[in-house]
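A.B. asks: No letters, just coordinates:
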């Protein structure tokens, strides 16, 4: 059984650019949640996808968007990057919307 | 008031000590709680998952929920240097709400 994987591990972008982060859920899990973790803070919920539909969204602007594919993998897209978007982006998968969530290693995004 | 509050520490203890990590939460409707451990530059690792009040034990770890005071705790017995990490408490559900995390340092 493979765990949650994320790509890339880290990347550097400049302000105003767009970025796509990818996540593969743990085998058998149909739900993916995305979180943003700023340095020294706990993760903040961005949104969740359950069976390819958005199933809840946190307090993030519309330039944060996502997709879930039929194999339950997921993408997080961020447009018009701002300096404050620099953070560790975490993906978590679960068996259902409210089940235990298992995290991937994260993608560290730096915006210059 | 934040939904989940946690003292960021750092908390420094000698090897072998009993560690107590604590969080408070604001909404009495919360029922599910989790504790995650996060090593530097890694994703959080699920340690304990508890429902409602009472204790749950797993090896050296015990999670405790006191709904009357809206207080959740994680106890680590016989702490080891490898336990040095950031410990995050979270309210469960589809949207996890995390505390800020407590940095723990176990000195050998």
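C.D. replies: Yep, that arrived. Because the structure is predicted, anything quoted here is derived from the model rather than measured.
A.B. asks: So what's the predicted local confidence for whatever residue of chain B ends up closest to chain A?
C.D. replies: Nearest to chain A, among the residues of chain B, is residue B:98, at 3.2 Å (C-beta to the nearest C-beta). Backbone N, C-alpha and C define where each C-beta goes, glycine included. If you check residue B:98, the pLDDT there is 96.
A.B. asks: same deal with the one 5 residues further on?
C.D. replies: At residue B:103, the predicted lDDT confidence score is 96.
A.B. asks: Quick check: residues of chain B near chain A?
C.D. replies: Residues of chain B lying close to chain A (C-beta under 8 Å from any C-beta of the partner chain) are B:4, B:6, B:8, B:32, B:34, B:36, B:41-46, B:49, B:88, B:90, B:92-101.
A.B. asks: correct me, but residue B:89 touches residue B:35?
C.D. replies: Yes - the criterion here is C-beta atoms under 8 Å, and residue B:89 meets it with residue B:35 at 5.7 Å.
A.B. asks: so how many other residues sit close to the residue of chain B closest to chain A?
C.D. replies: 24 (other C-beta atoms under 10 Å in any protein chain shown).
A.B. asks: and if you look at residue B:62?
C.D. replies: Residue B:62: 17 neighbours (other C-beta under 10 Å).
A.B. asks: Verify the contact between it and residue B:56 for me.
C.D. replies: Yes - here residue B:62 reaches residue B:56: they are 7.0 Å apart, a contact under C-beta under 8 Å.
A.B. asks: quick revisit: tell me who's in contact with the residue of chain B closest to chain A.
C.D. replies: A:42-44, B:4, B:36, B:88-90 (C-beta atoms under 8 Å, 6 or more residues apart in numbering or on different chains).
A.B. asks: Also residue A:54?
C.D. replies: A:47-48, A:66.
A.B. asks: Among these, which one has the most neighbours?
C.D. replies: That'd be residue A:48 among those, by other C-beta under 10 Å, with 27 neighbours.
A.B. asks: Grab the nearest non-local neighbour of that one.
C.D. replies: residue A:33 (4.2 Å; C-beta to C-beta, 6 or more residues apart in numbering or on different chains).
A.B. asks: Please list all residues in contact with the residue sitting nearest the centre point of chain A.
C.D. replies: Centroid-nearest residue in chain A: residue A:34, 3.3 Å away (criterion: C-alpha atoms, centre = their mean). Listed by C-beta under 8 Å, 6+ apart, the contact set of residue A:34 reads A:23, A:45-48, A:66, A:74, A:76, A:89-92.
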